[in-house]
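Colleague: prediction below, plus the sequence it came from.
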Amino acid sequence: MSSDQAWLGGCQCGGIRYVITAPPLTLYACHCTECQRQSSSAFGLSMPVPRSGFTVTQGNPQLWTRTADSGRVVRCAFCPDCGTRLYHLPTRNDAVVNVKPGTLDDTSWLRPVAHVWTSSAQPWVIIPPNVLRYERQPPDFEALYAAWGAWCERANEASPVADSIAGVRAGYDRWAAVYDHDANPLPALEAAHVRTAAGDVRGLSVLDFGCGTGRHTTWLAAAGATVTAIDFSKGMLAEARRKPGSANVRFLTHDLRAPLPFADAAFDLVVSGLVLEHLQDLSGPLAEVRRVLRRDGRAIVSEIHPAMLRSGSQARFTDPTTGEVVRPGSVPHQLRDFVVAASQAELVFEDLVEAAPDAAFAARYPRAAKYVGFPMLLVMCLRADDASRG
């Protein structure tokens, strides 16, 4: 479980939304009668997370305060409209938020490592044999924290690398160490076009969607933008963090197919460089880009030109350790696919650039020599279409 991963959640009616940007400390099931009453079920789940890594991004939860049998005070946050219990704020530890993890958008990965207050558990509840078990409140949570850490390590080791996006991620993890140094002509050809399209970014809030090694992140931050950078490759993010100026950038590991962990209208500009060719679905990611853009916000999306994909070219590199030519995997999208997906996302085209290398460029990047005059790169300049929303 990564320290820069993000988890989204919210209430039943959707009025309250939150994001967790720090790894959970543990996860346990509580069988006390208060949790049974609160959850209207046999037990309640609690997932403590660092307070610094928990943010309500939408709505205003209400607080209800109760005093436990121990005398400690618990502040309970809930949605004022649908009543969903979202999290607890324990007064004994201001550094922690006890999230009710059933409110997460994705609950498929939840596995409690402990069961507490089993003395009042319903008789029909079967508690797994391989978890910690306490008849009452644990004396401390150190054992729960350790058990959770061990479970996360086992889960990470067992994670399959079989689906297409995992293969892309694994490929880019291997590419990260040499990505900035392997004379790939596409990022070099892209650089000037993206900077020109972005214009003056001083004071803007910018999302680098699929930041890779931070080739756009660094110049955006140096130019005065407030930059958030996301990528699904931990290896690429590690390289990005090593670049000068990266301390001022917020980095997050995020599956680019999933909803973005940001509030609506959070950014003035979204930059996405050479990313969408690796995603089968274009509509979902572009709809999320539109959602997080402010009124009249812009998106600059660069992609390997569809003509290159038709000719058999795709993202590839040579592993310097093994000599293996690695192709992380590309989807042969056509220009019409981008146009349709952008239109469905209510993004309008302001400009469309088809960039081809010239002889001078090919002299600096020999791999581009056979493509002189041939379109290698597509740069789409998009704007949030507020008129379509009335």
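Modeller: Nice, thanks for sending it over.
Colleague: max-length helix in the chain?
Modeller: Determined from DSSP state H, the single longest helix within the chain is helix 142-158.
Colleague: buried residues, it. List them.
Modeller: 144, 147-148, 151-152 (16 or more other C-beta atoms under 10 Å). Glycine gets a C-beta too; all of them are placed from N, C-alpha and C.
Colleague: quick check: domain ranges of the protein?
Modeller: The chain is divided into the following domains under automatic domain parsing: 7-158, 164-389.
Colleague: just those: most buried one?
Modeller: Stretch with highest mean neighbour count among those: domain 164-389 (a mean of 18; mean count of other C-beta atoms under 10 Å).
Colleague: CA atoms only for the helix or strand hosting residue 197, dumped as CSV, please.
Modeller: Here residue 197, judged by DSSP states H and E, is contained in helix 185-198. Extracted in CSV, the C-alpha atoms of helix 185-198 (Å, rounded to 0.1, in the frame of the first residue of the first chain):
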residue,chain,number,x,y,z
PRO,A,185,12.2,11.8,-29.8
LEU,A,186,8.5,12.1,-28.8
PRO,A,187,8.9,13.9,-25.5
ALA,A,188,11.5,16.2,-27.1
LEU,A,189,9.1,17.0,-30.0
GLU,A,190,6.3,17.5,-27.5
ALA,A,191,8.0,19.9,-25.1
ALA,A,192,7.8,23.1,-27.1
HIS,A,193,4.3,22.5,-28.4
VAL,A,194,2.9,21.9,-24.9
ARG,A,195,4.7,24.9,-23.4
THR,A,196,3.4,27.1,-26.2
ALA,A,197,-0.1,25.9,-25.7
ALA,A,198,0.0,26.3,-22.0
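Colleague: distance between that helix and the chain's centre?
Modeller: With C-alpha atoms, centre = their mean, to the nearest Å as the basis, helix 185-198 stands 24 Å off its chain's centre.
Colleague: counting contacts, what elements does that helix pack onto?
Modeller: Applying 3 or more C-beta pairs under 8 Å, 6 or more residues apart in numbering; DSSP states H and E, we find helix 185-198 packed against strand 267-273, strand 293-304, strand 347-355, helix 359-364, strand 377-384.
Colleague: looking at these, which is nearest to residue 94?
Modeller: strand 267-273 (30.7 Å; C-beta to C-beta).
Colleague: parallel or antiparallel, list what pairs with the closest one.
Modeller: Looking at strand 267-273 with DSSP bridges, its partner strands are strand 205-209 (parallel), strand 293-304 (parallel).
Colleague: could you export the helix or strand just after the last one as CSV, CA atoms only?
Modeller: Tracing the chain C-terminally past strand 293-304 and defining elements by DSSP H and E, one meets helix 306-310 next. Extracted in CSV, the C-alpha atoms of helix 306-310 (Å, rounded to 0.1, in the frame of the first residue of the first chain):
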residue,chain,number,x,y,z
PRO,A,306,-2.5,7.7,-34.8
ALA,A,307,-0.6,7.5,-38.0
MET,A,308,2.4,6.3,-36.0
LEU,A,309,0.3,3.6,-34.4
ARG,A,310,-1.0,2.5,-37.8
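Colleague: which is the next helix or strand following helix 306-310?
Modeller: strand 317-318.
Colleague: got the contact list for that next one?
Modeller: Contacts of strand 317-318 with the rest of the structure, by C-beta atoms under 8 Å, 6 or more residues apart in numbering, involve 174-175, 178-179, 182, 184, 324-326.
Colleague: over to stretch 201-212?
Modeller: With contacts defined as C-beta under 8 Å, 6+ apart, stretch 201-212 is touched by 172, 179, 214, 216-217, 220, 223-233, 236-237, 240, 251, 256, 260, 262, 266-275, 285, 289, 292.
Colleague: residue furthest from the geometric center of the protein?
Modeller: Using C-alpha atoms, centre = their mean, the residue of the chain lying farthest from its centre is residue 123. It sits 40.6 Å away.
Colleague: what's the helix or strand for it?
Modeller: Counting by DSSP H and E, residue 123 is found in no helix or strand.
Colleague: hang on, isn't residue 250 packed against residue 228?
Modeller: Yes: contact between residue 250 and residue 228 holds when scored by C-beta atoms under 8 Å: they sit 4.6 Å apart.
Colleague: if we can go back for a sec, would you convert the helices and strands packed on helix 185-198 into CSV that also reports mean pLDDT and distance to residue 78?
Modeller: Converted to CSV, the helices and strands packed on helix 185-198 look like this (pLDDT from 0 to 100; distance: least, C-beta to C-beta, whole Å):
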stretch, mean pLDDT, distance to residue 78
strand 267-273, 97, 30
strand 293-304, 95, 30
strand 347-355, 94, 36
helix 359-364, 94, 59
strand 377-384, 95, 33
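Colleague: can you list those in JSON lines and add distance to residue 65?
Modeller: Output for the helices and strands packed on helix 185-198, formatted as JSON lines (distance: least, C-beta to C-beta, whole Å):
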{"stretch": "strand 267-273", "distance to residue 65": "36"}
{"stretch": "strand 293-304", "distance to residue 65": "37"}
{"stretch": "strand 347-355", "distance to residue 65": "45"}
{"stretch": "helix 359-364", "distance to residue 65": "66"}
{"stretch": "strand 377-384", "distance to residue 65": "42"}
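Colleague: brilliant, that's me finished.
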